[in-house]
Structures are given as C-alpha cells and as structure tokens.
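Novice: Let me see the structure of the following:
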Amino acid sequence: MDRETRALAEKHFRGLGARLPDGVCGPPGRVDFIEKPDAFSYADFFKGYLLPNVPCVFSSAFTEGWGSRKHWVTPDGKPDLDYLLRKYGDMVVPVANCGVQEYNANPKEHMPLREYISYWKEYIQGNYSSPKGCLYLKDWHLCRDTSVEDVYSLPVYFSSDWLNEYWDAINVDDYRFIYMGPTGTWSPFHADIFRSFSWSVNICGRKKWLLFPPGQEEALRDCHGSLPYDVTSPTLLDVRLHPACARCSPPLEVTQEAGEMLFVPSGWHHQVHNLEDTISINHNWVNGCNLAPMWHFLQQELHAVQREISEWRDAMPDWHHHCQVWPGPEVIMKSCTGINYKEFYHFLKVIAERRILTLAKEMGAGTVGSVGDSRLGTQQAAFDVSRITEVLASLVANRDFQRVDTSTFSLQPEELLQQLEEVVTATAAL
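Specialist: Model prediction:
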C-alpha cells in the first residue's frame with residue numbers, strides 16, 4: 001500500500017464512522033474484467049474494488065504459472081483425475097450431496113479422495129447420473145494437509161488476509177479450500193463466513209455465479225423470515241411465500257472461465273453452479289476493509305442466540321454468560337458462527353501485535369523479523385492498526401463483551417486499546 005492509497009482509505013472510513021454503509025443497492029450493471037497483470041496494481045484493486053466492495057474478474061493470465069493449472073488438467077482442459085489419484089488419493093476429503101437439502105445446505109460425509117474419484121468417473125460414464133446422487137467435494141483443506149508450493153501462489157491483491165494469518169499463527173485451522181466436482185454440482189444460496197471476502201480460481205472448468213449485493217437478500221426471505229435454499233426455484237414466484245421478492249433486483253450473473261479469478265466482496269450473497277467438470281481453489285479472508293462488517297455480524301449472531309434462549313432467561317443463572325459459553329467445552333455462539341467474542345478479541349490482538357512489530361521495525365525501535373505479507377509495506381500496517389483500533393474500541397464498549405471473563409487474558413483489552421491509540425498517533429505522519 002502506498003501513502004496515497006492509505007490516505008484515501010482512512011478518509012473513506014472516517015466518513016463512515018462506526019456505521020456500515022446505509023441502504024440497499026442494486027447490483028452494478030456489469031462486473032469489470034481485469035485483463036493484464038502488469039497493468040493492474042494492488043492500489044488499483046484496493047481503490048477500485050476492495051474499498052467500494054464490488055466484484056471483479058481477473059483473466060487467466062493472472063494464474064497461468066500455477067502448478068495446479070499445469071498438473072491437475074489434461075491437455076483437453078478436463079480434470080486430470082488420474083494425476084490427482086496418484087498425488088492425493090489416500091487423503092480424506094469432505095463430500096456434499098447436492099441432491100439433498102439439510103436446512104439451507106447439503107449433508108456431508110468424508111471419504112478417501114480415491115473413492116470420490118472412482119465415483120466421479122462412474123458418474124461421467126453414467127451420463128452424469130448415479131444412484132449415489134450428485135456429490136461435490138467441498139471445503140478440502142489441502143493447504144493444511146500438505147505443502148502446496150507447487151499448486152498455486154497467493155496473488156498480491158488478496159495478501160492482506162488476517163483470517164488465515166491468524167489461524168496460521170495459532171496453528172489450528174485455515175480458510176483455504178479446494179472444490180471439485182462434475183457438471184451439475186452446485187453450492188446453495190449463502191454469504192461467506194464472518195462476512196469475509198472470498199476469491200475463487202477455476203483451475204479447470206466453468207462456473208455460473210449469481211451474486212446479490214448486501215441487503216438485496218432481505219427481499220428474498222420467505223414469510224417465515226428464512227432465506228431461500230435455491231434462488232432459481234420457481235417457489236420464489238409465489239407471492240404468498242415470498243411476499244417481498246418482487247422488490248429484489250435480478251442477480252448479477254457471472255460466467256467464470258477456466259483460469260479466471262473472481263473476487264467476491266463482503267456480505268454478497270451468492271449461489272454457484274458448475275457448468276462443466278470443475279476444480280477451483282478458494283480462500284475466505286478478512287482485513288481492515290471488512291473488519292467492521294465482521295464485528296457487526298458477530299453482534300447480530302449473539303443477539304440471535306440470546307433471542308433463541310430467552311425463554312430460559314429467568315431460570316438460568318448467569319444467562320448472559322451462557323449465551324456465549326454453554327456449560328462444557330462447546331460454545332453456543334461459536335457452534336453457530338465459528339467464533340465468539342472472546343476469540344474475536346484474541347484475533348484482533350494477534351493481528352494488532354504483529355502490525356505493531358512491523359511498525360516498530362520501520363520506526364527504528366529495535367530489529368524484528370518480517371511480519372505478515374511484506375509486499376504490502378508500512379503504510380498497510382499503519383492502516384491495519386487504525387482499523388483494529390476503531391473496532392476494538394467498539395468491542396471494549398460493548399455490554400456483552402464486558403460480561404466476558406477477561407481475567408486470564410495475557411493483555412487486557414483496555415491496555416491493548418491504549419497501545420494501539422498511541423501507535424495511531426505516532427504513525428499519523430508516516
């Protein structure tokens with residue numbers, strides 16, 4: 001990030017203050033297509049797409065050097081199932097049944113990749129039909145299971161990725177996935193976890209995306225308040241079941257070709273269909289640009305938990321605590337969203353401390369190693385600190401967070417906030 005881009009970003013967020021963008025907007029008229037890597041900088045992406053939170057598609061030129069595009073694909077552009085079998089056949093992968101609805105998703109099972117590839121070959125031979133159903137390999141954490149240096153390289157545009165930086169730092173999980181499946185596999189209507197951004201690259205095959213900007217999904221809710229499972233279903237035409245559907249703009253439709261990379265902005269609901277036998281690599285990611293939507297989403301989720309168990313309020317001692325921590329090791333909120341307020345604070349703390357180290361190195365306060373993605377530089381670190389400071393201030397002032405037991409925290413939230421405010425002041429002139 002350069003100084004000009006940082007200044008623009010900070011002006012943008014000062015204009016928003018502590019609120020999210022107002023109103024419900026229709027989708028843009030088209031999705032920009034970025035053709036040449038040499039003519040498109042990180043600043044171009046940040047200013048043109050990340051800040052305004054709109055999608056774009058990068059051409060296959062951005063991924064032409066990836067090992068997966070060379071080794072996972074046959075000369076005629078199909079998935080090289082035999083190569084994948086030899087390379088990864090013994091790995092256990094999650095597989096969803098696209099033909100079965102389980103709430104607003106599909107049930108999953110785990111199987112060795114060799115078993116899934118055997119199914120896939122039989123599915124093709126059976127004219128894309130099988131008594132086992134339409135199975136889709138989804139959310140395979142290949143990066144967590146093995147080295148992927150020869151598979152792909154992270155594009156600089158997506159390298160400010162706090163979500164995976166955090167999980168890598170604590171060595172627990174990640175949000176890097178492989179998807180693969182035959183023609184007809186699909187993902188039901190959803191928005192990405194934590195209101196994260198995502199990017200998706202088709203290693204081979206083609207996808208159709210149906211994209212709705214934040215707020216549009218509200219018009220798609222049924223009379224019970226539930227979002228649809230399938231936005232192509234004719235049931236959405238039933239005004240008794242979906243009384244507000246006529247107010248929803250048509251989706252932004254994108255056909256993603258082999259090698260192309262799609263940026264999906266924060267909070268955009270979408271549905272995805274594989275038009276051919278397809279393999280894709282996908283990341284979910286959060287940074288300073290969508291940290292406030294993530295925090296807003298977590299507050300909404302906790303309020304939803306509180307409403308669900310409100311009937312127990314009078315009978316349950318320490319009710320507010322139980323909304324976040326159920327008796328035993330599991331957490332109600334975490335089971336619904338993957339994170340609770342306590343872990344959200346730890347997430348902010350880890351990223352904040354790493355950015356403070358980066359800035360300390362630049363300002364001559366000792367020698368430290370490289371922290372985060374060094375390609376983005378000091379201006380990015382200063383911007384990150386300013387965004388964390390604003391959200392942490394809101395977290396510290398939040399009444400539900402104030403009920404969290406922080407006595408075992410290595411650094412109290414108020415102390416971290418004070419540190420960050422001092423860093424923001426010290427780096428204002430950078």
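
Novice: for Asp173, what are its contacts?
Specialist: His141, Arg144, Trp167 (Cβ atoms under 8 Å, 6 or more residues apart in numbering). Quick note: C-beta positions are derived from backbone N, CA and C, even for glycine.

Novice: Give me the number of neighbouring residues for the first one.
Specialist: Meaning His141. Around His141 there are 16 other residues, counting by other Cβ atoms under 10 Å.

Novice: and the closest residue to it other than its chain neighbours, what does it touch?
Specialist: Nearest non-adjacent residue to His141, counting by Cβ to Cβ, 6 or more residues apart in numbering: Asp174, 6.1 Å away. Contacts for Asp174 were tallied using Cβ under 8 Å, 6+ apart; they are His141, Cys143, Arg144, Asn164, Trp167, Asp168.

Novice: A strand includes Asp174, no?
Specialist: No - Asp174 is assigned coil when assessed by DSSP: H, G, I helix; E, B strand; the rest coil, not a strand.

Novice: now the contacts of Asp174 in a markdown table, with secondary structure, distance to Gly126 and pLDDT?
Specialist: Output for those, formatted as a markdown table (DSSP: H, G, I helix; E, B strand; the rest coil; distance: Cβ to Cβ, whole Å; pLDDT from 0 to 100):
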| residue | secondary structure | distance to Gly126 | pLDDT |
| --- | --- | --- | --- |
| His141 | coil | 29 | 95 |
| Cys143 | helix | 32 | 85 |
| Arg144 | helix | 33 | 83 |
| Asn164 | helix | 38 | 96 |
| Trp167 | helix | 39 | 94 |
| Asp168 | helix | 41 | 93 |
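
Novice: Now list the buried members of those residues.
Specialist: His141, Cys143, Asn164, Trp167 (16 or more other Cβ atoms under 10 Å).

Novice: Thr63: which of these is nearest?
Specialist: Cys143 (16.2 Å; Cβ to Cβ).

Novice: Would you agree that closest one is in contact with Trp167?
Specialist: No - using Cβ atoms under 8 Å, Cys143 makes no contact with Trp167, being 10.5 Å away.

Novice: Please report the distance of Pro112 from Ile351.
Specialist: Per Cβ to Cβ, to the nearest Å, Pro112 is found 36 Å from Ile351.

Novice: can you check Asp238 too?
Specialist: 46 Å.

Novice: Among these two, which residue is more densely surrounded?
Specialist: Of the pair Asp238 and Ile351, Ile351 is the one with more neighbours under other Cβ under 10 Å, namely 25 against 13.

Novice: and the more buried one, what does it touch?
Specialist: By Cβ under 8 Å, 6+ apart, the contact set of Ile351 is Trp162, Glu165, Tyr166, Asp384, Ile388.

Novice: tell me the domain boundaries of the protein?
Specialist: 23-285, 291-426 (automatic domain parsing).

Novice: is it true that Asn53 touches Gly267?
Specialist: Yes - between Asn53 and Gly267 there is a contact under Cβ under 8 Å: 7.5 Å.

Novice: Now for the two: what residues contact both?
Specialist: Both Asn53 and Gly267 are contacted by Pro214, Asn290, under the criterion Cβ under 8 Å, 6+ apart.

Novice: Tell me which of those two has more neighbours.
Specialist: Per other Cβ under 10 Å, whichever of Asn53 and Gly267 has more neighbours is Gly267, with 23 against 17.

Novice: quick one, what contacts the more buried one?
Specialist: Taking Cβ under 8 Å, 6+ apart as the test, what Gly267 contacts is Asn53, Ala191, Arg195, Pro213, Pro214, Asn290, Pro293.

Novice: redo that, cut-off 7 Å
Specialist: Contact partners of Gly267, counting by Cβ atoms under 7 Å, 6 or more residues apart in numbering, are Ala191, Arg195, Pro214, Pro293.

Novice: Show me the helices in the stretch 251-400 of the chain, by range?
Specialist: 291-308, 319-324, 332-337, 341-362, 377-397, 399-402 (DSSP state H, counting those that start in this stretch).

Novice: Among these, show the one with the smallest mean pLDDT.
Specialist: With a mean of 60, helix 319-324 has the lowest mean pLDDT of the helices of the stretch 251-400 of the chain.

Novice: dump the residue contacts of Thr183.
Specialist: Residues near Thr183 by Cβ under 7 Å, 6+ apart: Tyr128, Asn274, Leu275, Glu276, Asp277.

Novice: Recalculate using a threshold of 6 Å.
Specialist: Shown in contact with Thr183 (Cβ atoms under 6 Å, 6 or more residues apart in numbering): Tyr128, Glu276, Asp277.

Novice: Same check on Asp90?
Specialist: With Cβ under 6 Å, 6+ apart as the criterion, no residue contacts Asp90.

Novice: 8 Å - rerun?
Specialist: Asp90 touches Pro112, Leu113, Arg114, counting by Cβ under 8 Å, 6+ apart.

Novice: can you list the residues you listed in JSON lines and add neighbour count and pLDDT?
Specialist: Formatted as JSON lines, the contacts of Asp90 follow (neighbours: other Cβ atoms under 10 Å; pLDDT from 0 to 100):
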{"residue": "Pro112", "neighbour count": "14", "pLDDT": "98"}
{"residue": "Leu113", "neighbour count": "24", "pLDDT": "98"}
{"residue": "Arg114", "neighbour count": "16", "pLDDT": "98"}
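
Novice: can you tell me which of those are in strands?
Specialist: Under the assignment DSSP state E, the contacts of Asp90 contribute Pro112 to strands.

Novice: mind listing the strands for this structure?
Specialist: Applying DSSP E to the chain gives strands spanning 32-34, 56-58, 92-97, 108-112, 135-140, 176-181, 186-190, 197-204, 207-212, 252-256, 261-264, 269-274, 278-285.

Novice: Tell me which of these lies nearest to Ala304.
Specialist: Per Cβ to Cβ, nearest to Ala304 of the strands of the chain: strand 186-190, 16.2 Å.

Novice: Identify the residues contacting that closest one?
Specialist: Residues contacting strand 186-190 (Cβ under 8 Å, 6+ apart): 98, 101, 104-106, 136, 138, 217, 220, 227-231, 269-274.

Novice: tilt between that strand and strand 176-181?
Specialist: In terms of direction (axes from the mean of the first three to the mean of the last three Cα atoms, to 10 degrees), strand 186-190 departs from strand 176-181 by 130 degrees.
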